[in-house]
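Colleague: Just to be clear, the model below is a prediction. Sequence and coordinates:
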Amino acid sequence: MPRQFTPKVVTANALIEGDVIYLTSDDTWTRELAQAEVLTDEAVADVRLLDASSRHSEAVGVYLADVRLEDGVPQPTHFREDFRRTGPSNYFHGKQAAR
Amino acid sequence: MYAYNDFDRAFLAQRNRQFRAQVERRIDGSLTEDEFKPLRLMNGVYLQLHAYMLRVAIPYGTLNSAQMRQLALLAEKWDKGYGHFTTRQNIQYNWPKLNDIPDMLDALAEVNLHAIQTSGNTIRNVTSDHFAGAAADEIEDPRPVAELIRQWSTDHPEFQFLPRKFKIAVSGAPNDRAVLKSHDIAVEVVQQDGQTGYRIFVGGGLGRTPMLGKVIREFLPKADLLPYLEAIVSVYNLLGRRDNKYKARIKITVHENGLDKIRALVEERFPVLKEQFGGVDQQMLAEIETHFAAPAFRDADTGAFEAAYTNDPLFRSWVDTNIDSHRRADHAIVSISLKAHGKTPGDASAAQMRVMADLAETYAYDELRISHEQNVILPHVPKDALPQLYQALKTAGLGTANIGLASDIIACPGMDYCALATARSIPIAQEIATRFDELKLEHEIGELKIKISGCINACGHHHVGHIGILGLDRAGVENYQITLGGDGTETASIGTRAGPGFSADDIVPAIERLVLGYLDLRASADETFLQAYRRLGAAPFKALLYPEAREKAA
């Protein structure tokens, strides 16, 4: 039996700033995971990934990252994605400090 | 130190202009990322977890104050006000924007620094003993040879696309402070029958398959060095595997083909190259050597130093750990710790960089070094300047007296920054350092090398730590494996895995059990952790790490 598709978001690094970005449902990029488009259908996710990957002048290293929904808000399922969302954990700087 | 000539300056300016145009073409859409990536890697630009990262080479770890101030300027103007010194004597900036990097490289070129070949499958920054030119035990300053190798390897047309990255280290002293045997090639200055020459090691490396370098030539005459190195790299370039990234390093080539075969091929190639070089390398070396004349040392009155040492216990503690013997009795080598307890190992703020630059200029003949252990060295300090120097360092948060102790931890950036990491390493280092500071035991524990890597690539040198820690991802959770008995010096050994890994919460208590247990196991206060481990074997140390297993066995 094929594995059940789990919710995902499209994520990448911004071309100029290099920071973590997520694709929104209106085709813009956001720095906030909470505002990302959550993809629950595999076929749709594949198309969204392809579209995003072709935006060479905006994003680098586009991929699908797993999320779980908490009260409808996407949360990372893996600690790597948690650090990407928040910034380094050694001290308070980076993305978390820019908020 | 080496000063660029017109050729060097023109070469660097041209490379920087090329890269500026490449960045412009990437940003205007003419280049895709696939096309751009190899170009940016040739210039030290990585894309990491949260941002781009620029890795700047500090050739053989040597800097002057103007260069250190420029590193501070980059940190302040284009980054977040700090830089990270690495285990390969580089500095990394963690937050540059792509469109700023060409300006950063131009600023570096103003002080003869660059980021060329700090990435990619090329010969990387040549590393050396951070006490080079100053150490009491030194046969010869290794830096002229390191500079010769830098010039030879930079933009070497044959070696821009090697099977894999290639790291060369050079040391001029019998006490190995450059981790020679973990390098693809290592050059050790040795003496034989009154002649100075080189012992050449090949095939060392850490990473997923750790191996110690093997002696390919016991004694190489000085004049043969460069053609011999070129022979090794050219043999590797043809023979090295390109089908499997994990089997592409020269350590695997040597392992699979056998040292004898590699040696035979190298010896066959060597005379051909030697003739082609025609001695031009030796002319260049002679010119380079003139740049590395020792400073005009002044005589220092050691009386003030002795008085401060006797009367000030904090100064005494710092001297006992952070000072090494200089080749002149009235001078000292000062290690400035970038390992303040609880801080990120290897990080220095722009303000701290400027303080170190000022102190080097005022007290230390304008020389600084970066060590592979992520500290900064003032190689030549007259002893009468030490009390003032210490006060100035302390004021800047740079007076930590812990060189070589439990909190002087090497840690790779790990998952806090690095895209390759499988777990964090910096927070583990921070917690261990903080814990041992609380225990107030690290001076009693004595020499202890704890080294942490956040993935199997081993940038944190965990295999050669007396205690090595390797962070892995086990089913989506950080897990830390411990290796014991590693050693990166002239008595090098690869550490042995102790047993099952520990969770992020359990790793620091495990290290504490291990180190406190060692205090009970050691034969005397003079027996270091490594010596005790070598005398007793792994069993009593494993019992400290895994008390449950011991209870079950009982």
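Modeller: Noted; the coordinates are in hand. Numbering: from 1, shown residues only, chains lettered A, B, ... in the order given.

Colleague: Identify the residues contacting the closest residue to B:Asp487 other than its chain neighbours.
Modeller: Nearest residue to B:Asp487 in three dimensions, chain neighbours excluded: B:Ser493, at 4.7 Å (C-beta to C-beta, 6 or more residues apart in numbering or on different chains). Every C-beta, even on glycine, is put in place using the N, C-alpha and C of the backbone. Residues near B:Ser493 by C-beta atoms under 8 Å, 6 or more residues apart in numbering or on different chains: B:212, B:464, B:485-487.

Colleague: switch to 7 Å and redo it
Modeller: By C-beta atoms under 7 Å, 6 or more residues apart in numbering or on different chains, the contact list for B:Ser493 reads B:485-487.

Colleague: B:Val111 too?
Modeller: Counting by C-beta under 7 Å, 6+ apart, B:Val111 has contacts B:66-67, B:70.

Colleague: mind checking the SS state of it?
Modeller: Secondary structure for B:Val111, judged by DSSP: H, G, I helix; E, B strand; the rest coil, is coil.

Colleague: Check what pLDDT it gets.
Modeller: The model reports B:Val111 with a pLDDT of 98.

Colleague: Kindly report the same for B:Gln89.
Modeller: The predicted local confidence for B:Gln89 is 96.

Colleague: Tell me, how many residues neighbour it?
Modeller: 25 (other C-beta atoms under 10 Å in any protein chain shown).

Colleague: Can you pull the phi/psi pair for the residue nearest to it when sequence neighbours are not counted?
Modeller: Nearest non-adjacent residue to B:Gln89, counting by C-beta to C-beta, 6+ apart: B:Gly61, 3.8 Å away. Taking degrees, to the nearest 10, you get phi 70, psi 10 for the backbone angles of B:Gly61.

Colleague: What values do phi and psi take at the residue lying closest to B:Leu393 once chain neighbours are set aside?
Modeller: In space, B:Leu393 comes closest to B:Gly399 once its chain neighbours are excluded; the distance is 4.4 Å by C-beta to C-beta, 6+ apart. B:Gly399 adopts backbone torsions of phi -100, psi 20, taken as degrees, to the nearest 10.

Colleague: Find the helix or strand that B:Pro387 is a member of.
Modeller: For B:Pro387, the host element (DSSP states H and E) is helix B:386-395.

Colleague: so how far is that helix from its chain's centroid?
Modeller: 25 Å (C-alpha atoms, centre = their mean, to the nearest Å).

Colleague: And stretch B:518-527, by the same measure?
Modeller: Per C-alpha atoms, centre = their mean, the centroid offset for stretch B:518-527 relative to its chain is 29 Å.

Colleague: Name the residues of it that are buried.
Modeller: Neighbour-count burial for stretch B:518-527, counted by 16 or more other C-beta atoms under 10 Å in any protein chain shown, picks out B:518, B:521-522, B:527.

Colleague: neighbouring contacts of it?
Modeller: So stretch B:518-527 is in contact with B:445, B:529, B:532, B:536, B:540, going by C-beta under 7 Å, 6+ apart.

Colleague: Buried ones among those?
Modeller: Here, 16+ other C-beta under 10 Å leaves B:445, B:529, B:532 buried among the contacts of stretch B:518-527.

Colleague: ok, so of these, who is nearest chain A?
Modeller: Nearest to chain A, judged by C-beta to the nearest C-beta, of those is B:Ile445 at 24.2 Å.

Colleague: and chain A, which residues reach chain B?
Modeller: Residues of chain A found near chain B (C-beta under 7 Å from any C-beta of the partner chain) are A:13, A:15-20, A:56-57, A:60-61, A:78-80, A:83-84, A:87-90, A:93-95.
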